[in-house]
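Engineer: Test case, fold it:
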Amino acid sequence: MATTTRKTAVRSTAIFTVSTFLALPIAGYLSTAVVGRVDNVISALAGGATVGAIVGLAQALGSGRRLNAPTWILATAIGLSVGTVLGTLAVDFRTGLPDLALRGLLAGATVGLAQSLALPSRTRLRWMWVPAIAVLTSLGWTVTTLTGIDVDQQFITFGASGAFVYAALSGLTLLALLPATENSRPNTAELAARR
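Structural biologist: Numbering: from 1, shown residues only. Below you'll find the predicted structure:
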């Protein structure tokens, strides 16, 4: 297996970030069109699974093969489905800023936990993904609310402004945790060059 350079890792992280940014509002819009408002457990469960699957697919495709697509998609779909239910129940489906921040924290922790199990085995400090995604999801809802989006419509996920912040910071977190190399052993060409 060829060694992935730092430059390739940075490029794949940039693609991961853009993919995440584009996928979040698109997935939210499509999911809302299908399941409607998040005002009951079924809509939270189905909406979270739909958004999670779409975002997970976009992230896996945008990761430059650094994430295992089937595992990542499944983890993201399950994590966001369960997390959306937990988060919305915890705040009784309310949409005030403190409510959405808490909802995001709980949903993000659930997604982060599921995704941390799907991260490649070479991931450094894998457990850090959980609090990072929890805080970033909460931040995404906070930014969306503060930019004046009508969150009273009980959306499944935050809007483009929150998605921008979430995508940028989660991409940087992935870059920090996932080593730039696929294989720490030198390849045959590197061994020959050393002789």
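Engineer: Tell me which stretches of this protein form helices.
Structural biologist: 6-35, 41-62, 69-90, 97-118, 129-146, 160-177, 188-194 (DSSP state H).
Engineer: number of nearby residues for the closest residue to Ala163 other than its chain neighbours?
Structural biologist: Leaving aside its chain neighbours, Ala163 sits nearest to Leu24 (3.8 Å; criterion: Cβ to Cβ, 6 or more residues apart in numbering). Yep, even glycine has a C-beta here, placed from its N, CA and C like the rest. Leu24 has 24 neighbours, counted by other Cβ atoms under 10 Å.
Engineer: if I pick Leu24, what's in contact with it?
Structural biologist: The contact partners of Leu24, taken as Cβ atoms under 8 Å, 6 or more residues apart in numbering, are Val51, Val55, Gly140, Thr157, Phe158, Ala160, Gly162, Ala163, Tyr166, Ala167.
Engineer: If you rank these by neighbours, which is first?
Structural biologist: In terms of neighbour count, Thr157 stands highest of those at 31 neighbours, by other Cβ under 10 Å.
Engineer: Could you tell me how far the closest residue to that residue other than its chain neighbours is located from Ser12?
Structural biologist: With sequence-adjacent residues excluded and distances taken as Cβ to Cβ, 6+ apart, Thr157 is closest to Gly28, at 4.1 Å. Per Cβ to Cβ, to the nearest Å, Gly28 is found 24 Å from Ser12.
Engineer: again with Pro98
Structural biologist: From Pro98 across to Ser12, the span is 36 Å (Cβ to Cβ).
Engineer: Kindly report the same for Leu22.
Structural biologist: Computed as Cβ to Cβ, the Leu22 to Ser12 distance reads 16 Å.
Engineer: Mind checking which of the two has more residues around it?
Structural biologist: Ser12 (22 against 16).
Engineer: Can you give me every residue that contacts the more buried one?
Structural biologist: Here Ser12 is in contact with Gly62, Ser63, Gly64, Arg65, Arg66 (criterion: Cβ under 8 Å, 6+ apart).
Engineer: And for Arg65?
Structural biologist: By Cβ under 8 Å, 6+ apart, the residues touching Arg65 are Ser12.
Engineer: Dihedrals phi and psi, it?
Structural biologist: Here is the backbone geometry of Arg65 (degrees, to the nearest 10): phi 70, psi 20.
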